[in-house]
Each structure stands twice: as C-alpha cells, then as structure tokens.
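*Asks:* I would like the atomic coordinates for the input below:
(chains A, B, C and D)
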Number of protein chains: 2
Amino acid sequence: MHSFTEENYLKTIYALAIRQEGEVTTNALAEMTATKAASVTDMLRKLADKQLIHYRKYQGVRLTEEGERLALKIIRRHRLWEVFLVEKLGFGWDEVHDMAEELEHIRSDELVERLDQYLGHPQFDPHGDPIPTPAGTMPSTGYQKLSEVAAGEEVCIMGVMEHSPEFLQHLARIGLTLGCSLTLREINAFDKSLLVQIQPESALFVSHDVAKNLLVA
Amino acid sequence: MHSFTEENYLKTIYALAIRQEGEVTTNALAEMTATKAASVTDMLRKLADKQLIHYRKYQGVRLTEEGERLALKIIRRHRLWEVFLVEKLGFGWDEVHDMAEELEHIRSDELVERLDQYLGHPQFDPHGDPIPTPAGTMPSTGYQKLSEVAAGEEVCIMGVMEHSPEFLQHLARIGLTLGCSLTLREINAFDKSLLVQIQPESALFVSHDVAKNLLVA
DNA sequence: ATAAAAATTTAGACTTGCCTAAATTTTTTG
DNA sequence: CAAAAAATTTAGGCAAGTCTAAATTTTTAT
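*Replies:* Below you'll find the model as predicted:
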C-alpha cells in the first residue's frame, strides 16, 4: 500500500507535468506541497525506489506508467467525491476542494466504483475537469485556454485550471459560470486583458490572469 | 487539531468504557488497537497532557468531558457514513465497517451535518446503534442483551454489539435480521444456548455467545 | 569561459507513533 | 503475608516525513 503522502506527491507530479512540458523540478514540487526542497528530494528517492517515477539527480522527475496509473486513480477519486459533494450534498464548487483532498485517500476501490455508479458515471467534475477512467487513463477534451483564443471567436466556458476559492468566487462575481457562452471582442495590447461579450448588451474586461485559467471550446 | 491516531484511541476508550464498568486498562486498549502496552502508555500520557482523559499511572483511564465529546463526534461520523454506504451505495451491513473507519476521520463538520441532512437525520446506523447528536451526547435506547431476557418473553431484535463480518454473516445464515421479532422458548441449562421461535412453525437454538451480542426490546 | 547565482542534494536532527527489553507496581496465590 | 505472576511503565531505538545548514551541481551572466 502507498501512504497518504506518497499519493499526494504522485498527484502533484502529474498536475505539474501537464502544466509545464518536460520534467518536473524539485523546487516546483516543494512549492506545490508547501514543503522544503530537501524534503522533496527525500521523497523522490523513495518514489524512485518504488519505480513510481523516473528520477535523475539534479535533472527532474517524471512519472512511470505505474506512477501515472496511480496518480490518475487518486485524481479519479478526488473528482468523483467533488461531484458527490456538489450534486448530492449541495456544496458550492468553490467549497469542495479541501474535503475532496481528504476523501481521495479512502482506500476501497469498490467504494469508488459504487460511488461512480450512484452518481450516474459523470464525465466531468464540478470544475469541468474530465474524470479519469477506472482503467487509469485521462479522457482528452481538446479545450483551450481563453487566453489563446483569437479575437472575434465565440466560445463556451468548459472548465477552469485553478481551483482556489478565491478564483472561483471571483468568476461568480464577474458573472462567468461553467457552460456560459461568450464572444471575444478584443485583446488589449497594453495588459493583454480581454473584452468579452456575454449578453448582447453586456461586455466586460477579463484580466489575462483570469483568461489563462479559463478553458473554453 | 487531533491526529487520526488520537481519535482512534478516544473512540476505543469510549467503547471499552461502556462495555466494562470502571476504568479502562492499558492491556485492553493494547488488544483493541492491535498495538503493544508500551505504545498505549505513550499515547495515554499524550492524551492526558491534552486533557482528553483522566489518567493515573497503573490505575487505568477514563475520558474527560471534552474527551467524551470528541469520541462521540467520531462515532457520530462513523455511523452516519455507515448509513450512507448501506442506504445510498447499497453495501451490506457486514461490509461497511472498515470503510467507515476511514471516513470517520474526514475533518469537516459542515460535511457531517450536510450528510446527516441528506440521509434524513437517521436515528440508528445499519447495525441498530444509535447515532450521537451533533452536540455530542449518546441517545439511550434501553435495549437489553438477548442473553439477559427471561424464558417466555417476546422481543424484537434492535441491534448488535459485535460488528465483525463473521458475526453478521452468521446472523444472516441462521435467519436473524434487525427488526425480526422472536419468542424466547427456553434456556438450555448445559451451555446457556437459547431456543428461540421466529415463525410459528420454526424454532432454532442460538448460542450464548450470539445471544450476548444481540440487543432486543 | 569562468565567476556568481540558483537549484538541488547531503548531513544531521526533530516529532509521531510504534517496537523490544528491562524495571517497577499491582494482583494473585500458596 | 510473602513470593510468584501479571500488568504497567520506563528506557532506548526505529521508520516516515519533515526541517535547517552545508555541500555540490547546474545555470546564468559578465
């Protein structure tokens, strides 16, 4: 069996690997896990011994097939519990991350599969993230960041890349929700903020930082 | 905050305290937690420092008010999750103990109260155990053990005192379920086994060990 | 191309929760 | 009621996961 902590490192390595191309660095992991670089190095040696990561000293790290399968298993649990918390218990999408962070470590596979069935085999979590398959593969979505869309295009908000309550509450305050369709009117040359139109009558400026974290199709 | 392990000790002390009158012994705790007596002593010192137990060296241990409140909080979580697993996910009452043992440590109070509401404020878990109140008190049931009932009485099975899959599966095999009413025909003088009648036509012998673990009203 | 800066690893130490072995206290028994 | 047995605690140690400080490697910049 794998410890709580090992599972969290695998999940974090996976998350960093898709955000930044190439190998994941020790410092990036230290920042994400709120620990020090020296602690990360210890854990990397341990995960490498267990063949869950490929690790070359000073060079960074990447998941093995087995490591990725495990990471996706944890992410599947996390996202299914988030669906449960929002759909069944009525929590807001900005409230569920920390609880799911604990629930994802409950060990029973049978529990996860029954939960999946109870929830009607959802494809996406409340933030629009795809739910990995039981076999341990991540469905691809083809979404792009709003910050990469060209002016004039009409798109639909499908997900977010940042799950902090602060970001999600900011979206609510400016009136953006999952499924919301919008047209990108112009991109400000000065600060890269975007003028987006939601209703025929109402348009608003969205900062580049926000646009980077919105997934659209 | 309290650790996983501390919570388990408090819960175990509570469980032993109601089974045996008086103070709970180090050895009993060591057996229940599957550790050694020396390890228990370490933890008792720690819990006493935190004012969660009254502890006198060599004399045994008992919960403080605060310790009991915390123990009942954990037991409330455990039993609510068991209701969820059986009522919503369709698990058998003999399958849920280990999963609930993990789920009971999820920290959010808000989660527990929402779960309670979602389940319709159940009064009893799938084994007939009463669910402690949010305020941290244990509802009393007035049930007695089947082994303490006099011959001739008619009673109804309200709960069990033993939660192992082995015991619960044995009950199913001999045809006893929660809510099942039965008449105690006679008590065998040799081995204290009980002849109980369920249907007008069918009677069966129940061992003293089984009767000790059945709660009736 | 090499010196300074940044990133990473190593060394040694701390905490939690557990262990074994030995010492101590309590209980049982002849 | 004293000696043996049982229960409990103390002492010293170990593994996991973390830390700080120092050493090493890689990267950056002059």
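*Asks:* nearest spatial neighbour of the residue nearest the centre of chain A, skipping sequence neighbours?
*Replies:* The residue lying closest to the centre of chain A (CA atoms, centre = their mean) is residue A:161, at 5.5 Å. Counting by CB to CB, 6 or more residues apart in numbering or on different chains, residue A:161 lies nearest to residue A:213, which is 4.4 Å off, once chain neighbours are set aside. C-beta coordinates here come from the backbone N, C-alpha and C atoms, glycine included.
*Asks:* show me the contacts for the residue nearest to the centre of chain A.
*Replies:* A:19, A:145, A:212-215 (CB atoms under 8 Å, 6 or more residues apart in numbering or on different chains).
*Asks:* only the buried subset of those residues, as a PyMOL command please.
*Replies:* To isolate the buried members of the contacts of residue A:161 in PyMOL, using 16 or more other CB atoms under 10 Å in any protein chain shown:
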select buried, chain A and resi 213+214+215
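*Asks:* biggest separation within the contacts of residue A:161, which pair?
*Replies:* Farthest apart among the contacts of residue A:161 by CB to CB are A:19 and A:214. That separation is 14.9 Å.
*Asks:* let me see the residues that make contact with the longest helix anywhere in chain A.
*Replies:* The single longest helix within chain A, with elements called by DSSP state H, is helix A:65-83. Residues from elsewhere that reach helix A:65-83, judged by CB under 8 Å, 6+ apart: A:2, A:7, A:10-11, A:13-14, A:47, A:51-53, A:63, A:93, A:96-97, A:99-101, A:103-106, A:112, A:115-116, A:119, A:122, A:125-127, A:129, A:131-134, A:136-138.
*Asks:* so among the residues you listed, which ones count as buried?
*Replies:* Looks like the contacts of helix A:65-83 have A:7, A:10-11, A:13-14, A:47, A:52-53, A:63, A:93, A:96-97, A:99-100, A:103-106, A:112, A:115-116, A:122, A:125-127, A:129, A:131-132, A:136, A:138 buried, using 16+ other CB under 10 Å.
*Asks:* which ones among those residues lie within strands?
*Replies:* Secondary structure from DSSP state E places A:53, A:63 of the buried ones among the contacts of helix A:65-83 in strands.
*Asks:* what parts of chain A come near chain B?
*Replies:* A:85, A:88-91, A:98-99, A:102-103, A:105-108, A:111, A:114-115, A:118 (CB under 8 Å from any CB of the partner chain).
*Asks:* make it 7 Å
*Replies:* Residues of chain A lying near chain B by CB under 7 Å from any CB of the partner chain: A:88-90, A:99, A:102-103, A:106-108, A:111, A:114-115, A:118.
*Asks:* which bits of chain A sit near DNA strand D?
*Replies:* Proximity of chain A to DNA strand D (CB under 7 Å from any atom of the strand) is limited to residues A:3-6, A:33-36, A:38-39, A:42-43, A:46, A:58-59.
*Asks:* in chain A, which spans are helices?
*Replies:* According to DSSP H, the helices that chain A contains are A:4-19, A:26-32, A:37-49, A:65-83, A:97-103, A:109-118, A:165-174, A:208-212.
*Asks:* just confirm residue A:93 contacts residue A:168, I think it does.
*Replies:* Yes: using CB atoms under 7 Å, residue A:93 makes contact with residue A:168 at a distance of 5.9 Å.
*Asks:* state the distance from residue A:24 to residue B:38.
*Replies:* Per CB to CB, to the nearest Å, residue A:24 is found 42 Å from residue B:38.
*Asks:* how about residue A:199?
*Replies:* Residue A:199 is 70 Å from residue B:38, by CB to CB.
*Asks:* okay, residue A:139: pLDDT?
*Replies:* Turning to residue A:139, the model gives it a pLDDT of 93.
*Asks:* please apply the same query to residue A:192.
*Replies:* 89.
*Asks:* that one: what's it in contact with?
*Replies:* residue A:208 (CB atoms under 7 Å, 6 or more residues apart in numbering or on different chains).
*Asks:* measure it to residue A:210 for me?
*Replies:* Taking CB to CB, one finds residue A:192 at 11 Å from residue A:210.
*Asks:* and the nearest residue to residue A:72 once chain neighbours are set aside, how far is that from DNA strand D?
*Replies:* Computed as CB to CB, 6+ apart, the closest residue to residue A:72 that is not its neighbour in sequence is residue A:132, at 4.1 Å. Plainly put, residue A:132 is 23 Å away from DNA strand D if you go by CB to the nearest atom of the strand, to the nearest Å.
*Asks:* swap in residue A:127?
*Replies:* Distance from residue A:127 to DNA strand D, by CB to the nearest atom of the strand: 25 Å.
*Asks:* quick one, what contacts that residue?
*Replies:* Residue A:127 sits next to A:93, A:159-160, A:163 when contact means CB under 7 Å, 6+ apart.
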